[in-house]
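Undergrad: Below: sequence and its predicted model.
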Amino acid sequence: MTSKKAMLIDISLCVGCNACQAGCKEENGLPPQEEKYLSLTAYTALDKYNDLYVRRMCQHCDVPTCVSVCPVGALTKSSTGPVSYDGEKCIGCRYCLQACPFHVPKYEWSSTKPSIRKCKFCPSRIASGRQTACAEACPTGATKFGDRDELLAEAARRITAEPGKYVPRIYGEQDVGGTSMLYLSPVPFEQLGFDSRLGKAPMPMLTMSALSKVPNVLSVGGVLLAGVWWITNRRAEVQAYESSLKNGNDPEREDDE
Amino acid sequence: MKTLSVPHVTGWRPIAIILILAGALAAVARFALGLGATTNLSDEFPWGLWIGFDFLGIGLAASGFTIVAAVHLFHAKEYEPIVRPAILTAFIGYLLVVLVLIIDLGRPDHFWHPLVMWNPHSVMCEISWCLMLYTTVLSLEFAPIILEKFNIHSPIKWIHAVSLPFMIFGVLLSTLHQSSFGSLYLIVPNRLHALWYTPLLPVLFFISCIASGLSMVVLESLIFSRNGRPFLPTRLRANLAKAIALALAVYFVVRIQDLLTRGALHDLTTLTYYSVAFYAELLVGFVIPFALLIFEKVRTSQTGLYYASLMVVLGFAFNRMNTAITGLERYPSQTYFPSIIEIFIMLGITAVGFCAFSFIAEYLPVFTAEEAGAGQHRDAAPSVEKKPLFAPPECEDPRPS
Ligand code: SF4
Ligand code: SF4
Ligand code: SF4
């Protein structure tokens, strides 16, 4: 029930029919016209590379950058996979747009009460045990919905069964710490516009090291500054005392310096 | 016999009023029409001029914590006369930055959310908290100035009694968020150009804000001198200049060494959009002023010091804008230039800041520190009215022979 869901996208099986986008638009009540790029009204879109099509959408990262940067927790990661967004919390700082390594979230720039928009991973469908609308719409099985572990095993099986057909890599298995979208490709992923510089470590680790120093700065710094104050204050007192001695008006000897 | 090297900028008030009105109109447009219609921001370029302005404002307001630390925590009592102007600069700077941040938010009506909804993993959340707490600390540090004016003395005693922990807290908060503004960009290693992206961003932001904050103090002390009588004694200003030079040197060494270790230095061997921006920032803001400030003659000359610290401030502005804008552009495919409304809002808010400073400096005992005691600064307290902002100091040139 709470197992982690994922989608396996086999690029070699995609015929570019755009049924996933149409299904997604219907599910989310978006205007039905065909769109080439991710937008406020297209949560998924097909990128074409020669005769290969690559679905773009939110990767629903396991350790999502967008969730880590959002100051108010408007973005949350659920244990079943979806990264959900709550417009009631969002302050519109657009840090998630800046930080998402896949350039996914889109912003309602023209609105005076703007929200973020992106693929939702159909959480209500998942909760009721159904598959996502895009996976359901896919006629060739290029997009397959299921448990993440099972899909990983299946992807590995496909690669071993037809080693000539696929590059030996499941994109999303470990990239940026793992994602819910797993890709199989017949050509190296770099040729399909996948960012090869992202690495395996989850991006939020980059800021974690800086943030983890905050308690240290506060505690050690506080003690240090108070100590410096104490020492320099003492010195000033001693100086004042000595100069008052020189001036002859001997104060009571409370300091034994 | 005093001559000015550059003529006074007189009549800045009408200009300020025009800027403020234009800014107010622009702000109305921004709230009525939304960010998309009034700014050049986009999904590809979600942060622009305003966030750069925030970095700038906060960095220049760093005078507040550096001087408070020096005088009250390290007991460099001789700098006492500059404490109040520094706190005032910081206070106004922070209020303006908070204002710009709120204008920049897509949902300004939700601005208070970070106070009740926390995400401890978010640098932005930490910054919101630091800004809020530090602005409170600053208002407490500033309160005695207002109370003094109206001769209400009992709360002043009370504030003095609790001021030490507050000052320590304030210095720590500043340290945290000055560097956190750099940490904001740690999350975009693949977007920010290698000349600016480094894991050391928080460290570099912190060091440079000390140089720029102190430069602001020097500038203020020069601008608000009157009748050739420097607001701070020449020796003290020269000492501040030494501290600035030191900060610049440390910054330069850390920055270059970081570029070396990351192998980003080769980006500088060819002339590109980025390398030009980088050279401009480093030369104007760090190398040239450092070269100037190592000379005793410059440190003790009012004109020399004026231009050296002005360069530090300018170079600092370059650095923050480069980090916030240039480094994120994909030249020439993806560029960003602020819209006229973005610019007007920024200029208007800057003008508000200058007016507020000159108004407060005129009517409140900012340049007369009660604790200064000795009284030698009290009669040197200048009136801002007579001395327009932006004017260089009078060249009395107290050069040691
Ligand atoms: S792809 Fe971007 S928006 Fe989607 S979960 Fe990952 S970081 Fe967030
Ligand atoms: S724009 Fe909204 S969802 Fe995105 S980081 Fe900011 S507050 Fe969070
Ligand atoms: S998972 Fe749902 S929201 Fe996301 S692309 Fe598929 S149908 Fe659309």
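TA: Right, received. Where do you want to start? Ligands and ions are numbered 1, 2, ... in the order given.
Undergrad: which residues does the residue lying closest to B:R191 once chain neighbours are set aside contact?
TA: Excluding the flanking residues, the one nearest B:R191 by CB to CB, 6 or more residues apart in numbering or on different chains is B:L328, at 5.7 Å. All C-beta atoms are positioned from the backbone trio N, CA, C, and that covers glycine. Contacts for B:L328 (CB atoms under 8 Å, 6 or more residues apart in numbering or on different chains) come out as B:45, B:47, B:188, B:191-193, B:336.
Undergrad: Then B:I51?
TA: B:104, B:324 are the contacts of B:I51 under CB under 8 Å, 6+ apart.
Undergrad: Same check on the one 3 residues further on?
TA: The neighbours of B:D54, taking CB under 8 Å, 6+ apart as the test, are B:97, B:100-101, B:104, B:181.
Undergrad: did I read that right, it in a helix?
TA: Yes: B:D54: assigned to a helix according to DSSP: H, G, I helix; E, B strand; the rest coil.
Undergrad: Look up how far chain A lies from it.
TA: Separation of B:D54 from chain A (CB to the nearest CB, to the nearest Å) stands at 12 Å.
Undergrad: Please name the nearest non-neighbouring residue to that residue.
TA: Nearest to B:D54 is B:V97, by CB to CB, 6+ apart, at 4.9 Å.
Undergrad: Work out for me the element that neighbour sits within.
TA: helix B:80-104 (DSSP states H and E).
Undergrad: mind listing what's buried in that helix?
TA: Buried residues in helix B:80-104, defined by neighbour count with 16 or more other CB atoms under 10 Å in any protein chain shown: B:80-101, B:103-104.
Undergrad: From what I see, B:Y251 and B:I207 are in contact.
TA: Yes: using CB atoms under 8 Å, B:Y251 is in contact with B:I207, at 4.5 Å.
Undergrad: how about the contacts of B:L328 in TSV, adding secondary structure, neighbour count and pLDDT?
TA: Shown next, in TSV, are these (DSSP: H, G, I helix; E, B strand; the rest coil; neighbours: other CB atoms under 10 Å in any protein chain shown; pLDDT from 0 to 100):
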residue	secondary structure	neighbour count	pLDDT
B:F45	coil	19	92
B:W47	coil	21	93
B:V188	coil	19	91
B:R191	coil	17	89
B:L192	coil	20	92
B:H193	coil	22	92
B:Y336	coil	19	91
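Undergrad: Adding distance to ligand 1, write those residues out as JSON lines.
TA: Below are those laid out as JSON lines (distance: CB to the nearest ligand atom, whole Å):
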{"residue": "B:F45", "distance to ligand 1": "17"}
{"residue": "B:W47", "distance to ligand 1": "17"}
{"residue": "B:V188", "distance to ligand 1": "12"}
{"residue": "B:R191", "distance to ligand 1": "13"}
{"residue": "B:L192", "distance to ligand 1": "17"}
{"residue": "B:H193", "distance to ligand 1": "21"}
{"residue": "B:Y336", "distance to ligand 1": "21"}
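Undergrad: Quick check: of those, which lies closest to B:V137?
TA: B:W47 (27.0 Å; CB to CB).
Undergrad: Of the contacts of B:L328, just say which sits nearest to A:G178.
TA: The closest of these, once distances to A:G178 are taken by CB to CB, is B:V188, at 20.3 Å.
Undergrad: list the contacts for that closest one?
TA: Per CB under 8 Å, 6+ apart, neighbours of B:V188: A:98-99, B:197, B:328.
Undergrad: Not counting residues beside it along the chain, what's closest to A:W229?
TA: Distances taken as CB to CB, 6+ apart place B:L73 nearest to A:W229, at 4.7 Å, with adjacent residues excluded.
Undergrad: I'd say the one you found and B:F169 touch.
TA: No: the criterion here is CB under 8 Å, and B:L73 misses it with B:F169 at 11.4 Å.
Undergrad: closest point of the stretch 251-400 of chain B to ligand 3, which residue?
TA: Nearest to ligand 3 in the stretch 251-400 of chain B, going by CB to the nearest ligand atom, is B:Q334, at a distance of 25.7 Å.
Undergrad: for the closest residue to that residue other than its chain neighbours, helix, strand, or coil?
TA: Excluding its sequence neighbours, the residue lying closest to B:Q334 (CB to CB, 6+ apart) is B:E44, at 5.7 Å. The three-state label given to B:E44 by three-state DSSP is coil.
Undergrad: B:E44 and ligand 1, how far apart?
TA: 14 Å (CB to the nearest ligand atom, to the nearest Å).
Undergrad: ok, now B:Q302?
TA: In terms of CB to the nearest ligand atom, B:Q302 sits 53 Å off from ligand 1.
Undergrad: what about that residue, how many neighbours?
TA: B:Q302 has 24 neighbours, counted by other CB atoms under 10 Å in any protein chain shown.
Undergrad: Need the phi and psi values for it.
TA: phi -70, psi -50 (degrees, to the nearest 10).
Undergrad: quick one, what contacts the closest residue to B:R255 other than its chain neighbours?
TA: Counting by CB to CB, 6+ apart, B:R255 lies nearest to B:L204, which is 6.2 Å off, once chain neighbours are set aside. Contacts for B:L204 (CB under 8 Å, 6+ apart) come out as B:182, B:198, B:251, B:254-255, B:258.
Undergrad: Buried residues of the lengthiest helix in chain A, list them for me.
TA: For chain A, the longest helix by residue count, based on DSSP state H, is helix A:214-246. For helix A:214-246, the neighbour count (16+ other CB under 10 Å) marks A:214, A:218, A:221, A:225, A:229, A:232, A:241 as buried.
Undergrad: Can you add pLDDT and distance to ligand 1 and give the contacts of B:D54 back as CSV?
TA: Formatted as CSV, the contacts of B:D54 follow (pLDDT from 0 to 100; distance: CB to the nearest ligand atom, whole Å):
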residue, pLDDT, distance to ligand 1
B:V97, 92, 28
B:V100, 93, 26
B:L101, 91, 23
B:D104, 93, 21
B:F181, 91, 22
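Undergrad: From those, pick the one nearest B:L310.
TA: B:V97 (21.1 Å).
Undergrad: So that closest one versus B:Y306, what's the distance?
TA: Separation of B:V97 from B:Y306 (CB to CB, to the nearest Å): 25 Å.
Undergrad: ok, back up a step: neighbour count for B:L73 and B:F169, which is higher?
TA: B:L73 (22 against 18).
Undergrad: for ligand 2, what are the nearby residues on chain A?
TA: Neighbours of ligand 2 within chain A, by CB under 6 Å from any ligand atom: A:69-72, A:74-75, A:90-96, A:116.
Undergrad: mind running it again at 8 Å?
TA: A:66, A:69-75, A:85, A:87, A:89-97, A:99, A:105, A:107, A:115-116 (CB under 8 Å from any ligand atom).
Undergrad: and the residue nearest to A:W229, what does it touch?
TA: Per CB under 8 Å, 6+ apart, neighbours of B:L73: A:225, A:228-229, A:232, B:167-168, B:171.
Undergrad: Got phi/psi on it?
TA: Dihedral angles (degrees, to the nearest 10) for B:L73: phi -100, psi -40.
Undergrad: Scan the contacts of B:L204 and report the most crowded one.
TA: B:G182 (25 neighbours).
Undergrad: That one touches B:P202, doesn't it?
TA: Yes: taking CB under 8 Å as the definition, B:G182 is a contact partner of B:P202 at 4.2 Å.
Undergrad: do you know how far whichever residue of the stretch 101-250 of chain B sits closest to ligand 2 is from A:G87?
TA: Nearest to ligand 2 in the stretch 101-250 of chain B, going by CB to the nearest ligand atom, is B:G106, at a distance of 6.5 Å. In this view, B:G106 and A:G87 are 10 Å apart by CB to CB.
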